[in-house]
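K.L.:
Give me a model of this one.
(2 chains)
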Amino acid sequence: MNALPPGDRFEDKADHAREPAGRAPVVEVLSAEKVFQNGARGLAPVDLTIADGEFLTLIGPSGCGKSTLLKLIANLIEPSDGRLLWWRGGQDRVGQDGRRLAFVFQEPTLMPWARADANVRLPLELAGVGKRDAAPRVADALARVGLSAFSRHYPRQLSGGMKMRVSIARALVTEPNLLLMDEPFGALDEFTRNRLDDDLVRLWWERRLTTVFVTHSIYEAVFLSTRIIVMAANPGRIFRTMTIDAAQPRDLGFRDSPQFAAYCRELSAWLAEASLPQRTGGAA
Amino acid sequence: MRPLLQSEAFIRIAAPLGVGIVMVGLWEIGFRLAAVPVYLFPKPSDIVASFMQHGPALLRALLVTLRITLQAFAAAVLLGTLIAFMFVQSRAIEISLFPYAVLLQVTPVVAIAPLIIILVKNTQLSLTICATLVALFPIISNTTLGLRSVDPGLANYFRMNRASRLKTLIKLRIPGALPYFFGGLRISSGLALIGAVVAEFVAGTGGRSSGLAYEILDAGFTLDIPRMFAALFLITLTGVALFAIMVAVSRLALSSWHESEIGAET
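P.N.:
I've put the predicted structure just below:
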């Protein structure tokens, strides 16, 4: 017996995992699946459309393929079957103007020998942008994450949260059109994480930067997202989709609201359901 | 009241210096009271007197040894770094050549020095080659290790940004390898001196261009033990100076970011 009847008040009624029409798709995942070399099925065929300006979160128990899905979206790995479209085109045009991706890892992965500004400048440097042209962009990116005063600091002089901010600035400096984040605040304490979440909401709202975010935290997912994809394991697949309909930009008021608590309760129940072992003849 | 005595830097210098002064004092007084003959074991004052007497000859010898040491050290750094770069370019190169680097390392320089001295006419050059062979290995192994120890997350980041091989080398591998490279420099600078002295011993060259090892040999033949000590003292001093310079260079290059060079204040 399901604890919650299907079709309860939060479930996205639109075509499964498809964003309501109206906004241009940024990424379309079309029956993409991933079978690893050892034969393990990382991801069953998945259909998902990420619309322009969305903040989409992937959440689920370990082994549900959320990181695999994110890597597929990031064009870091190829699907075993099915395909993906970026801005209605193939992978060959990803990286051009207006089609740029940026990835933020779980760890800040900064160069310890370089100051904060040099770390932020790195992607521009690798793309062949001159130092003089890069300087204002680096300063702007550092300002957006609130680290202008720390541009000449080395990573070892910065706290864990500040290092993560530098890492985010390094992603923003390329003016990406799609930001992908793989549990970026997972290693931080709750207080720091909440502050970074506040900043992330603000950054997303400023330019409606399409973002795909992977997390283990229910509160983080509800607070940040416009849409949450709940995934289940064995094989990795999309379990259910939740649309978070709350006033933007979100702030402390939302976190304290009964609406927030209701979303969290619901999401928590869904995750518990998604984590249950499959019953008779479930897995393919 | 006593800021100088409490300062860490002062104690670091004053404490070992104090121990040295006390030991030299005891040596002088003890040997004077026991009336040990100079040809058996000299007193510090005998050694100082010998310095005064043989000063110019000893300094000339020091310059010869120093020159061979520095030439060998420079050659080892240059060659070692080049070989390390070659090794990290391809696993095949490393696998096929690394055993020979080990071979070079484990063969005692005393054993190959006579061969090299016979093969190479120029004494200065043959001694430099011997010392280079001794000093080479730490540079190769440390630099190779450093160039390989790249943070996998950063390496991934460079790959994702489609960084060229050259850019990855310059921006990622070389800065990351510096702490290891400087560790190699410290070991290698000392080994270059050892190599130079050992090779000089084997060569035993007389004439104008002979180094501190020859001074020691010659002093031994003539039982001029104070001169032997004076030469020995100069060799030790050279070694210490080289080490200190390497430490300073390493600190200069790494102090801003690397853990090994960051003081206790953080």
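K.L.:
how about the helices in the stretch 1-150 of chain A?
P.N.:
Assigned by DSSP state H, counting those that start in this stretch, the helices in the stretch 1-150 of chain A fall at A:66-73, A:116-126, A:131-144.
K.L.:
Can I get these in TSV including mean neighbour count, distance to A:L178 and mean pLDDT?
P.N.:
Backbone N, C-alpha and C define where each C-beta goes, glycine included. TSV is the format used below for the helices of the stretch 1-150 of chain A (neighbours: other Cβ atoms under 10 Å in any protein chain shown; distance: least, Cβ to Cβ, whole Å; pLDDT from 0 to 100):
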stretch	mean neighbour count	distance to A:L178	mean pLDDT
helix A:66-73	23	8	90
helix A:116-126	22	15	92
helix A:131-144	16	17	91
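K.L.:
Out of the ones you listed, the one nearest chain B is which?
P.N.:
Nearest of the helices of the stretch 1-150 of chain A to chain B, taken as Cβ to the nearest Cβ: helix A:116-126 at 4.5 Å.
K.L.:
Contacts made by that closest one with the rest, please.
P.N.:
A:102, A:110-111, A:114, A:131, A:133-134, A:137-139, A:141-142, A:147, A:150-155, A:158, A:166, A:169-171, A:173-174, B:157-158, B:161-163, B:167, B:171 (Cβ atoms under 8 Å, 6 or more residues apart in numbering or on different chains).
K.L.:
Mind giving me the PyMOL command for buried ones among those?
P.N.:
Applied in PyMOL, the following selects the buried portion of the contacts of helix A:116-126 according to 16 or more other Cβ atoms under 10 Å in any protein chain shown:
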select buried, (chain A and resi 102+110+111+114+134+137+138+139+141+142+147+150+151+154+155+158+166+169+170+171+173+174) or (chain B and resi 157+158+161+163+171)
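K.L.:
ok, back up a step: what's the closest of the helices of the stretch 1-150 of chain A to B:I117?
P.N.:
Of all those, helix A:116-126 sits nearest to B:I117, with 50.3 Å by Cβ to Cβ.
K.L.:
So the nearest residue to A:I77 once chain neighbours are set aside versus A:L85, what's the distance?
P.N.:
Using Cβ to Cβ, 6 or more residues apart in numbering or on different chains and skipping residues adjacent in sequence, the residue nearest A:I77 is A:K71, 4.8 Å away. For A:K71, the distance to A:L85 (Cβ to Cβ, to the nearest Å) stands at 16 Å.
K.L.:
How about stretch A:30-44, which residues are buried there?
P.N.:
Result for stretch A:30-44 [16+ other Cβ under 10 Å]: buried residues A:32-34, A:41-44.
K.L.:
Widest-spaced pair of those?
P.N.:
A:A32 and A:R41 (12.7 Å).
K.L.:
Which pLDDT value belongs to the residue of chain A at minimum distance from chain B?
P.N.:
For chain A and chain B, the shortest gap (Cβ to the nearest Cβ) falls at A:T109, measuring 3.7 Å. The per-residue pLDDT reported for A:T109 equals 90.
K.L.:
Then B:N156?
P.N.:
For B:N156, pLDDT reads 86.
K.L.:
likewise B:E261?
P.N.:
Reported pLDDT for B:E261: 68.
K.L.:
next one: A:M1
P.N.:
In this prediction A:M1 is given a pLDDT of 39.
K.L.:
In the stretch 151-266 of chain B, which residue sits nearest chain A?
P.N.:
For the stretch 151-266 of chain B, Cβ to the nearest Cβ, closest residue to chain A: B:G153, 3.7 Å.
K.L.:
does that residue really touch A:T109, like I thought?
P.N.:
Yes: at 3.7 Å, B:G153 counts as touching A:T109 under the criterion of Cβ atoms under 8 Å.
K.L.:
Can you give the contact residues for stretch A:136-150?
P.N.:
A:116-117, A:120-121, A:124, A:129, A:151, A:157-158, A:162, A:165-166, A:168-170, A:172-173, A:175, A:199, A:203, A:206.
K.L.:
mind redoing it with 6 Å?
P.N.:
The contact list for stretch A:136-150 (Cβ atoms under 6 Å, 6 or more residues apart in numbering or on different chains) reads A:116-117, A:120-121, A:151, A:165, A:168-169, A:172-173.
K.L.:
and A:D189, how many neighbours?
P.N.:
The number of residues packed near A:D189 is 10, by other Cβ atoms under 10 Å in any protein chain shown.
K.L.:
Which pLDDT value goes with it?
P.N.:
For A:D189, pLDDT reads 86.
K.L.:
Please apply the same query to B:S96.
P.N.:
pLDDT, B:S96: 89.
K.L.:
and it, what element?
P.N.:
Take DSSP states H and E as the rule and B:S96 turns out to sit in helix B:91-106.
K.L.:
So for that helix, what gets flagged as buried?
P.N.:
B:94, B:101.
K.L.:
Please save the CA atoms from that helix in PDB.
P.N.:
Once non-C-alpha atoms are left out, helix B:91-106 reads as follows in PDB (Å, rounded to 0.1, in the frame of the first residue of the first chain):
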ATOM      1  CA  ARG B  91      54.500   5.700 -19.500                       C
ATOM      2  CA  ALA B  92      56.400   3.700 -22.100                       C
ATOM      3  CA  ILE B  93      59.400   6.000 -21.900                       C
ATOM      4  CA  GLU B  94      59.400   5.800 -18.100                       C
ATOM      5  CA  ILE B  95      59.100   2.000 -18.000                       C
ATOM      6  CA  SER B  96      61.900   1.500 -20.400                       C
ATOM      7  CA  LEU B  97      64.300   4.100 -19.000                       C
ATOM      8  CA  PHE B  98      63.700   4.100 -15.200                       C
ATOM      9  CA  PRO B  99      65.600   0.900 -14.500                       C
ATOM     10  CA  TYR B 100      68.700   2.600 -16.000                       C
ATOM     11  CA  ALA B 101      68.300   5.600 -13.800                       C
ATOM     12  CA  VAL B 102      68.200   3.200 -10.800                       C
ATOM     13  CA  LEU B 103      71.300   1.400 -12.200                       C
ATOM     14  CA  LEU B 104      73.100   4.800 -12.200                       C
ATOM     15  CA  GLN B 105      71.900   5.500  -8.700                       C
ATOM     16  CA  VAL B 106      73.000   2.300  -7.100                       C
END
